[in-house]
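1. Prediction below, plus the sequence it came from.
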Amino acid sequence: MDSPTRSRITGLVLAGGRGTRMGGLDKGLQPLAGEPLALHVAKRVAGQVAALMISANRHLDEYERLGTTFGARIIEDDTDDYPGPLGGLLAGLRATSTELLLCVPCDTPGLPTDLAAKLVAALDAQRADIAVAATVDAAGCMAIHPVVAVVRATLADDLAAYLEAGERKVRTWYARHMHVEVAFRDERAFYNANSLHELADLERTLDARPERGR
């Protein structure tokens, strides 16, 4: 990515969830190929952005160590009720000093190396506020990956109001704004691990550090 575009973006790795489907384990710290999931994701994103943040609500010291290589800043949700990924996104939007925020979940270790570039290009072309990643399967069905997105920092106040109203759905909040869905051709780049079973599947089937973008 050219440096002017990269300088507009801060990356945010969302690792602040409860890990309910992993039996309460901290998902971002679970090992894949000998390294924490969140570290794989940070490696994929760090070269695409001007700065990196990790959203975490527990084991902060471990995330601090994990992010040291990238100079990552660790941020916590502003609320105590685990409002889901939008809570982490709000904290990121409040903390960023750049125009745009690239948010990604901590359990997608094969993210494309051109993720930020493609999302930002589509956002600029459509004059949108949010650009969301999507993939199309062999049958032509589109799958949206809601927490893989570039979001304008100016939406922080609107998101805060949305959460204060008790709302939690990511795609419903996106629908309030001009947003664009950006298709990536390789759905494997977005494979994630919501459970220990899915993590084991990733261990077997996903090259955690592919050489090429998707």
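-> Perfect, I can see it now. These numbers were taken from a predicted model, which means no experiment stands behind them. Numbers count the residues shown, from 1 in each chain.

2. Return the list of helices and strands in contact with the lengthiest strand in the chain.
-> Determined from DSSP state E, the single longest strand within the chain is strand 142-152. Secondary-structure packing of strand 142-152 (3 or more CB pairs under 8 Å, 6 or more residues apart in numbering; DSSP states H and E): helix 85-95, strand 100-105, helix 115-126, strand 130-136, helix 170-174, strand 179-184. For every residue, glycine as well, the C-beta is placed using N, CA and C.

3. how about that strand as PDB, C-alpha atoms only?
-> Taking Å, rounded to 0.1, in the frame of the first residue of the first chain, the C-alpha atoms of strand 142-152 are listed here in PDB:
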ATOM      1  CA  MET A 142     -22.100 -13.600  -0.900                       C
ATOM      2  CA  ALA A 143     -21.100 -13.800   2.700                       C
ATOM      3  CA  ILE A 144     -20.500 -10.600   4.700                       C
ATOM      4  CA  HIS A 145     -17.700 -10.500   7.300                       C
ATOM      5  CA  PRO A 146     -19.100  -7.600   9.400                       C
ATOM      6  CA  VAL A 147     -16.200  -7.100  11.800                       C
ATOM      7  CA  VAL A 148     -13.700  -6.900   9.000                       C
ATOM      8  CA  ALA A 149     -14.200  -3.300   8.000                       C
ATOM      9  CA  VAL A 150     -12.800   0.200   7.500                       C
ATOM     10  CA  VAL A 151     -14.800   2.800   9.400                       C
ATOM     11  CA  ARG A 152     -14.500   6.600   9.500                       C
END
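
4. Minimum distance to Leu25: which of the helices and strands packed on strand 142-152 has it?
-> Proximity to Leu25 (CB to CB) singles out strand 100-105 among the helices and strands packed on strand 142-152, at 15.1 Å.
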